[in-house]
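J.: coords please:
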Amino acid sequence: MILAVALFMEQMDSTVIATSLPAIAADIGTSPIALKLAVTSYLVALAIFIPISGWMSDRFGARNIFRMAIFVFMIGSVACAFSNSIAAFVVARLIQGAGGSMMTPVSRLLLVRGTPRHELVDAMAWLTIPALIGPIMGPPIGGFLTTYLTWHWIFWINVPIGVLGIILVTRFLPAVEPRSPRPMDFPGFFLCGIGFSGFVFGLSVISLPAVPVIYGYVTVAVGILAGLLYLLHARRAPYPLLDPKMFRYPMFRAAILGASNFRMGLGALPFLMPLMLQLGFGLTPLQSGSVTFVSALGSMGSKFAASRTFNAFGFRTVISITTLLAAIFLGINGLFTRETPLPLIMACLLIGGLFRSMAFSGVNAMAFGDVGEADSSQATAINAVAQRISMAMGVAIAGGILEISSSLHGGRLLVSDFHTAFFSVSAISALACITFLRLPRDAGAELTTRRRKHRQAEPEEAMAENSP
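T.: Predicted coordinates for the structure are as follows:
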């Protein structure tokens, strides 16, 4: 329960900011679209630091790293609340992401090492709860605090929770002795960090009118160069941070590439929808959050039927159909206007969330379908990194489309600009269906029995489905 409460703080905070973007932008003197940098910075920080969380836990002790993660997350939250410019806010979100990146994997590690085997399934179920409940409560709570107090409170609220978490961890969690981890690939860590941040931030900067476009192109080029250097490094390194050889597994390769394409479109939804509801339709943050939370509710609902559905119809069929339907419902958001009844909008978000979560459940299991036990840790790391980077790219692309569309008619955001963005990211997301249709008809046939071995990845997937 202690681990679950700490994760709830991180999970809720990852969704609560989306509802507050217009208020934050107005207060710090920037545009809501420019704050896509703050959203992507959090996701990029997760992608950079998640792969080293296991090494740090072994090297310094899992309980120590978990306490440090909570403390760093608190520092990032305080820094966000004090931010008075977009640069300060982006840096603060990076700090938050660095702390948040350690919470999920390290908490799972603490649970596995400190729980008797016959109680592990129930313990994992408790740990999964915040990953499902946090995204549901995040938008309404964020909307309430922003509407009736100020946006600063969505970050201040993390301080007492974090202090209590550190006290409880110190008092009740057993100390886990440090272990001798395998050698850390520090050159690979720095190259990956430069590559991820350079490419994603470069895409975000290219469309910002306040920044010379050349900066964006140079940053993207640096990111691509760092990525190529990492690939050369990984071929020679005995223990690469993220091993490219993992893509020799056909199902793993399809799951990573197809799901990344899928998330690039759907990752834009939590960014675009609150902005359209507030800037386009004139809703308050509380009204906006009360509408968008149903998407996460739909995601949770599909979990109860996922296993039976895949057993009945097969992985390739279900994943191909659900990715296409989820992309269609993403595009349907581009048909909403001020006159569209809110219950209809919520119904479409609910159904879209059901299809999206069903697809993610299958893809998440399929990523481990043909991976050997010896490579499962690498598969988990690459899967987690791909989730965050693809969603960050989705936010960057959606923000870029809004910037370009609004600049064509004078710079002020119109509802039609959001329609263009929704149609565009829907098309990007639908392309994933092609990847999954190319799989063999019997792909994933063994997963009904093997899936339980890889349940530990589900809390991270739940977060990736719902975080902005």
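
J.: which SS class is residue 137?
T.: Following DSSP: H, G, I helix; E, B strand; the rest coil, residue 137 is assigned to helix.

J.: so what's it scoring on pLDDT?
T.: Listed pLDDT for residue 137 reads 75.

J.: For this structure, give the helix that spans the most residues.
T.: Assignment by DSSP state H gives helix 376-407 as the longest helix of the chain.

J.: In PDB, could you pull the C-alpha coordinates for the next helix or strand along the chain from it?
T.: Counting by DSSP states H and E, the element after helix 376-407 in chain order, helix or strand, is helix 415-430. C-alpha atoms of helix 415-430 as PDB (Å, rounded to 0.1, in the frame of the first residue of the first chain):
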ATOM      1  CA  VAL A 415     -11.700  25.000 -33.400                       C
ATOM      2  CA  SER A 416     -10.800  24.100 -37.000                       C
ATOM      3  CA  ASP A 417      -7.100  24.000 -36.000                       C
ATOM      4  CA  PHE A 418      -7.900  21.300 -33.500                       C
ATOM      5  CA  HIS A 419      -9.900  19.400 -36.100                       C
ATOM      6  CA  THR A 420      -6.900  19.400 -38.400                       C
ATOM      7  CA  ALA A 421      -4.700  18.100 -35.600                       C
ATOM      8  CA  PHE A 422      -7.100  15.300 -34.700                       C
ATOM      9  CA  PHE A 423      -7.500  14.100 -38.300                       C
ATOM     10  CA  SER A 424      -3.700  14.200 -38.800                       C
ATOM     11  CA  VAL A 425      -2.800  12.200 -35.600                       C
ATOM     12  CA  SER A 426      -5.600   9.800 -36.300                       C
ATOM     13  CA  ALA A 427      -4.100   9.000 -39.700                       C
ATOM     14  CA  ILE A 428      -0.700   8.500 -38.100                       C
ATOM     15  CA  SER A 429      -2.200   6.100 -35.500                       C
ATOM     16  CA  ALA A 430      -4.100   4.100 -38.100                       C
END
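
J.: Give the buried residues for helix 415-430.
T.: For helix 415-430, the buried set under the neighbour-count rule, 16 or more other CB atoms under 10 Å, comprises 417-426, 428-430. No exception for glycine: its C-beta is placed from N, CA and C like everyone else's.

J.: Pipe the residues you listed into JSON lines and attach pLDDT and distance to residue 199 per row.
T.: Shown next, in JSON lines, are the buried residues of helix 415-430 (pLDDT from 0 to 100; distance: CB to CB, whole Å):
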{"residue": "417", "pLDDT": "91", "distance to residue 199": "25"}
{"residue": "418", "pLDDT": "92", "distance to residue 199": "25"}
{"residue": "419", "pLDDT": "93", "distance to residue 199": "28"}
{"residue": "420", "pLDDT": "93", "distance to residue 199": "24"}
{"residue": "421", "pLDDT": "92", "distance to residue 199": "21"}
{"residue": "422", "pLDDT": "93", "distance to residue 199": "24"}
{"residue": "423", "pLDDT": "94", "distance to residue 199": "25"}
{"residue": "424", "pLDDT": "93", "distance to residue 199": "19"}
{"residue": "425", "pLDDT": "92", "distance to residue 199": "18"}
{"residue": "426", "pLDDT": "93", "distance to residue 199": "23"}
{"residue": "428", "pLDDT": "92", "distance to residue 199": "16"}
{"residue": "429", "pLDDT": "91", "distance to residue 199": "20"}
{"residue": "430", "pLDDT": "91", "distance to residue 199": "23"}
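
J.: Closest to residue 147 out of these?
T.: Closest approach to residue 147 among these (CB to CB): residue 418, at 21.2 Å.

J.: out of everything not next to it in sequence, what's closest to that closest one?
T.: residue 276 (4.1 Å; CB to CB, 6 or more residues apart in numbering).

J.: Help me confirm that residue 88 comes into contact with residue 76.
T.: No - applying CB atoms under 8 Å as the test, residue 88 and residue 76 come out as separate, 11.6 Å apart.

J.: Between the two, which has more neighbouring residues?
T.: Shown here are residue 88 and residue 76; by other CB atoms under 10 Å, residue 76 has more neighbours (25 against 14).

J.: what kind of secondary structure is the closest residue to residue 375 other than its chain neighbours in?
T.: Nearest residue to residue 375 in three dimensions, chain neighbours excluded: residue 246, at 6.2 Å (CB to CB, 6+ apart). Following three-state DSSP, residue 246 is assigned to helix.

J.: what do you get for residue 32?
T.: coil.

J.: Begin at 318 from now on, thanks
T.: Got it, the first residue is 318 from now on, which makes the last one we talked about residue 349.

J.: give me the low-pLDDT residue ranges for the stretch 668-785 of the chain?
T.: Counting by pLDDT under 70, the stretch 668-785 of the chain shows low-confidence ranges at 690-691, 728, 760-785.

J.: Find the residue ranges of the stretch 468-617 of the chain scoring beneath the pLDDT cut-off.
T.: Scanning the stretch 468-617 of the chain with the threshold set as pLDDT under 70 gives 492-498, 524, 526-527, 615-617.

J.: Tell me which residues are up against stretch 553-564.
T.: 368-369, 499-502, 504-506, 509, 548, 550-552, 569-570, 573, 688, 692, 695-696, 698-699, 702 (CB atoms under 8 Å, 6 or more residues apart in numbering).

J.: Could you list the buried residues of that stretch?
T.: Going by neighbour count (16+ other CB under 10 Å), the buried part of stretch 553-564 is 557, 558, 559, 560, 563.

J.: With stretch 659-672 instead?
T.: Of the residues in stretch 659-672, 662, 663, 665, 666, 667, 668, 669, 670, 671, 672 count as buried by neighbour count, 16+ other CB under 10 Å.

J.: do stretch 746-760 as well
T.: For stretch 746-760, the neighbour count (16+ other CB under 10 Å) marks 746, 747, 749, 750, 752, 753, 756, 760 as buried.

J.: All good on my end, thank you.
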